[in-house]
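Trainee: requesting a structural model of the entry that follows:
(one chain, ligands or ions: 1)
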Amino acid sequence: MNTQQLKAIGRDHGTPVVIVDHEAIRRNYADFRKHLPKVQAYYAVKANPAPEILRTLHQAGASFDVASLPEFMLVYELIKPLPPKEQQDFIWDKIIYANPTKPKETLRTLDRYKPLVTFDNLNELRKIKLYAPHAGLVLRLRVPNTGSVVELSSKFGCDPGEAVDLIEEAYRAGLEVEGISFHVGSQCTNFENFVQALNMAAAVINEARSRGHEIKILDIGGGFPAPYNRHVRPFSTLARKINAEINRLFAQDIQILAEPGRFLVATAATAIARIIGKAVRDGKICYYIDDSVYHTYSGIIFDHCPYHIKAFKKGKTEICAVFGQTCDGLDTISQSEELPDLEIEDFVYSEKIGAYSNASATWFNGFPPAKVVHVNT
Ligand SMILES: *Cc1c(COP(=O)(O)O)cnc(C)c1O
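Mentor: Below is the predicted model:
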């Protein structure tokens with residue numbers, strides 16, 4: 001979208017507003033499929049759970065990775081109308097429940113859908129046996145997250161050395177481990193993480209086979225980086241590496257899926273805010289906008305993502321600070337943005353703010369989350 005169109009939406013809808021361009025989502029999905037043709041994309045709903053986004057991705061052919069019961073129900077309602085009747089029973093090709101830790105009530109509710117769920121330890125296995133014995137299992141491995149912006153390996157994944165024992169333990173309990181999964185960490189710009197993880201998964205799958213357990217699904221997780229800046233190497237480069245390892249390491253008939261979140265939606269949204277205050281502190285111009293790190297800019301805190309503020313106005317720039325609307329000092333959007341001289345009521349915007357942004361917005365301080373406008377749906 002061009003800046004004229006963005007400004008017009010800001011004027012028509014008021015600020016703060018987030019504009020989601022569904023053409024960009026379709027483009028990202030098509031890119032993913034083009035470069036990783038053997039990999040089915042299960043969109044990680046937590047990146048941005050807007051029902052409009054789920055519908056667009058569903059229509060494009062995507063499947064879904066959910067991590068809570070409400071996310072599961074949201075997706076289930078979307079994919080449910082699937083004749084013929086027998087197929088309604090089988091949801092693994094459309095949903096994976098990829099949160100390795102699940103409360104027993106959730107398992108109890110999930111069981112009737114015969115879901116595909118991940119786990120990474122013996123206690124979880126026992127819980128699944130008790131409360132969701134009809135689930136198919138995917139074992140999550142701990143893999144290196146070196147250099148990824150959001151690190152997950154200290155919280156999730158079994159030690160690869162314990163993996164085959166867990167598979168056998170499941171088998172003894174009368175459960176079946178259908179797949180192996182991993183997550184290399186979010187915004188993974190160190191592509192070697194994928195190479196190492198694929199090699200670790202292959203080793204586990206080969207050892208399991210030698211002990212009589214055939215693994216049918218390989219889930220390569222999320223982490224595919226969004227092109228926030230020019231230091232992020234192209235997705236095609238990463239895909240080439242992944243494809244080479246897949247072809248080298250795995251049987252032709254293994255089913256491969258991935259759980260891209262950020263990659264599909266980050267570049268699809270732009271946030272527009274309005275300047276509501278201006279002050280000079282220690283010689284630096286400080287702008288206050290009608291959004292905050294508790295709202296659309298929550299990714300600054302939770303996702304370690306430094307969003308840039310841009311002005312529609314042209315002119316000589318200087319380094320300014322940009323603060324959010326709340327009364328909290330933590331609510332600092334940036335201490336150093338290059339901005340021209342702006343006035344109260346001027347619009348500013350941030351691009352590539354579609355992932356882990358309004359998904360984690362709160363009502364803190366009484367300010368509601370920004371309005372969301374979907375275009376090209
Ligand atoms: C958050 C998450 C994803 C998505 O990660 P991205 O880095 O946004 O691609 C995928 N799988 C699991 C299990 C997750 O928790």
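Trainee: residues near Q4, how many?
Mentor: 9 (other CB atoms under 10 Å). C-betas here are computed from N, CA, C, even on glycine.
Trainee: part of a strand, is it?
Mentor: No: using DSSP: H, G, I helix; E, B strand; the rest coil, the assignment for Q4 is helix, not a strand.
Trainee: what separation do you get for it and the ligand?
Mentor: 31 Å (CB to the nearest ligand atom, to the nearest Å).
Trainee: ditto for K352
Mentor: K352 is 13 Å from the ligand, by CB to the nearest ligand atom.
Trainee: for that residue, grab the count of nearby residues.
Mentor: 22.
Trainee: what does Y287 give?
Mentor: 25.
Trainee: in terms of secondary structure, what does the helix or strand that contains H374 contact?
Mentor: Secondary structure from DSSP states H and E places H374 in strand 371-375. For strand 371-375, the elements it packs on are helix 3-13, strand 17-21, helix 22-35, judged by 3 or more CB pairs under 8 Å, 6 or more residues apart in numbering; DSSP states H and E.
Trainee: recalculate using a threshold of 7 Å.
Mentor: helix 3-13, strand 17-21 (3 or more CB pairs under 7 Å, 6 or more residues apart in numbering; DSSP states H and E).
Trainee: ranking the ones you listed by burial, who's on top?
Mentor: strand 17-21 (a mean of 24; mean count of other CB atoms under 10 Å).
Trainee: elements contacting that strand?
Mentor: helix 3-13, strand 269-281, strand 371-375.
Trainee: now render the helices and strands packed on strand 371-375 as TSV, adding mean pLDDT.
Mentor: As requested, the helices and strands packed on strand 371-375 are arranged in TSV below (pLDDT from 0 to 100):
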stretch	mean pLDDT
helix 3-13	96
strand 17-21	98
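Trainee: lowest average confidence, helix or strand, in the chain?
Mentor: helix 85-89 (a mean of 58; mean pLDDT, DSSP states H and E).
Trainee: what's the following helix or strand after it?
Mentor: Taking DSSP H and E, what comes next after helix 85-89 is strand 95-97.
Trainee: so for that next one, what's the average pLDDT?
Mentor: Averaged over strand 95-97, pLDDT sits at 98.
Trainee: what are the contacting residues of that strand?
Mentor: Applying CB atoms under 7 Å, 6 or more residues apart in numbering, the contact partners of strand 95-97 are 42, 63-66, 72, 75-76, 110, 115-117, 138, 219.
Trainee: packing partners of the helix or strand just after that strand?
Mentor: Later in the chain than strand 95-97, the nearest helix or strand by DSSP H and E is helix 104-111. Secondary-structure packing of helix 104-111 (3+ CB pairs under 7 Å, 6+ apart): helix 69-79, helix 122-131.
Trainee: include mean neighbour count, mean pLDDT and distance to the ligand when you put those helices into a markdown table, please.
Mentor: Compiled in a markdown table, the helices and strands packed on helix 104-111 are given as follows (neighbours: other CB atoms under 10 Å; pLDDT from 0 to 100; distance: least, CB to the nearest ligand atom, whole Å):
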| stretch | mean neighbour count | mean pLDDT | distance to the ligand |
| --- | --- | --- | --- |
| helix 69-79 | 17 | 96 | 11 |
| helix 122-131 | 17 | 98 | 14 |
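Trainee: dump these to TSV, plus distance to I254.
Mentor: Formatted as TSV, these follow (distance: least, CB to CB, whole Å):
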stretch	distance to I254
helix 69-79	23
helix 122-131	22
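Trainee: out of the ones you listed, which is closest to G277?
Mentor: helix 69-79 (36.6 Å; CB to CB).
Trainee: relative orientation of the closest one and helix 104-111 in degrees?
Mentor: Put simply, helix 69-79 runs at 10 degrees to helix 104-111, going by axes from the mean of the first three to the mean of the last three CA atoms, to 10 degrees.
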